[in-house]
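Q: The sequence and its predicted three-dimensional model are supplied below.
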Amino acid sequence: MPNPEDAGQDSTARPKKWWRRNRKQRPFWVELPILIVVALVLAFVFQQFVARVYTIPSGSMETTLHGCAGCYGDKILVDKITYDFTDPERGDVVVFKGPETWVGSEAPSGRSSNAVVRFFQDAGSVFGLAPPDERDFVKRIIATGGQTVQCCDDRNRVLVDGRPLDEPYIHWQDPARQWQDSFPPVVVPSGYVWVMGDNRNNSCDSRCEDQGPVPVDNIIGKARFIVLPPGRWGTVD
């Protein structure tokens, strides 16, 4: 028989767990900073190990990627895990740490001498809000290890292993000078890549004196998407 004293009581009621009895809801103004910190930490981890946003600091990859000193350059999402599973291929647009011989040739010059300002510049570069480190470069892979690259044939085309490349992405900054500077055959060492800018006559790259091929180990990742400005959203071909 049901107990009369239980009448009117919710039969589904359960006693509160001991660890919930004294729990108090935090005010929004207390939780908001915690949520911001967690979001920043997750974004930092994501950009360190999965993908990262980079700002294009120069015009050497026009018009594929827009960038120039003192202007609002493209911000690109760089895939940092692809080359953990596959090898870099000809045609890939990559961001890489410049070898010692590269540093200074196209490096951004906007670094402050003030330690505090440099700290915020470094923090901003991690989230794509400031120009990248002076050692970071973006170019297109033209040849990989073991291949022979040279320029040019009678139709002004780069040759890889004797075969001319079809390069519809080349940008001629000066319409009156639509030809490339020639260079003799170069065998790309194993474990290296030969890179060049799409803005072919305004790019100091593997062709430049004392620079040459880039170690594959220096490659940070593959450029995938233009994320800003909105008018240039799209994939990087």
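A: That came through fine.

Q: for Val158, what are its contacts?
A: Applying C-beta atoms under 8 Å, 6 or more residues apart in numbering, we find Val158 in contact with 142, 149-152, 164-165, 167, 180, 196. Backbone N, C-alpha and C define where each C-beta goes, glycine included.

Q: In strands, which of the residues you listed fall?
A: Among the contacts of Val158, the members found in strands (DSSP state E) are 142, 149-151, 164, 196.

Q: Filter those residues down to the buried ones, ChimeraX style.
A: Selection of the buried residues among those in ChimeraX, burial being defined by 16 or more other C-beta atoms under 10 Å:
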select :142,149,150,151,196
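
Q: And the furthest pair within the ones in strands among the contacts of Val158?
A: Spatial extent of those (C-beta to C-beta) is set by the pair Pro164 and Met196 at 14.6 Å.

Q: Just give the nearest non-adjacent residue to the residue positioned nearest the centre of the chain, would you?
A: Residue closest to the mean C-alpha point of the chain, counted by C-alpha atoms, centre = their mean, is Val78 at 3.3 Å. If you skip the residues right next to it in sequence, Val78 has Gly221 as its closest partner in space, 4.1 Å away by C-beta to C-beta, 6 or more residues apart in numbering.

Q: Which residue ranges of the chain form helices?
A: 18-21, 28-49, 115-126 (DSSP state H).

Q: Quick check: mean pLDDT of the last one?
A: Per-region confidence: helix 115-126 scores 60 on mean pLDDT.

Q: Format the contacts of Val158 as CSV; extra columns: distance to Cys71 and pLDDT.
A: Shown next, in CSV, are those (distance: C-beta to C-beta, whole Å; pLDDT from 0 to 100):
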residue, distance to Cys71, pLDDT
Ile142, 27, 98
Val149, 32, 98
Gln150, 34, 97
Cys151, 30, 95
Cys152, 31, 93
Pro164, 34, 97
Leu165, 30, 96
Glu167, 25, 96
Gln180, 26, 92
Met196, 23, 97
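
Q: Mind putting those into TSV with distance to Cys208?
A: Shown next, in TSV, are the contacts of Val158 (distance: C-beta to C-beta, whole Å):
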residue	distance to Cys208
Ile142	14
Val149	14
Gln150	16
Cys151	13
Cys152	17
Pro164	22
Leu165	19
Glu167	19
Gln180	13
Met196	10
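
Q: out of these, who's nearest Cys204?
A: Nearest to Cys204 among these, with distances taken as C-beta to C-beta, is Met196, at 10.0 Å.

Q: Touching, that closest one and Cys208? I think so.
A: No: if you go by C-beta atoms under 8 Å, Met196 and Cys208 don't touch, sitting 10.0 Å apart.

Q: Low-confidence regions, this structure specifically.
A: 1-24, 28, 46-47, 69-70, 104-134 (pLDDT under 70).
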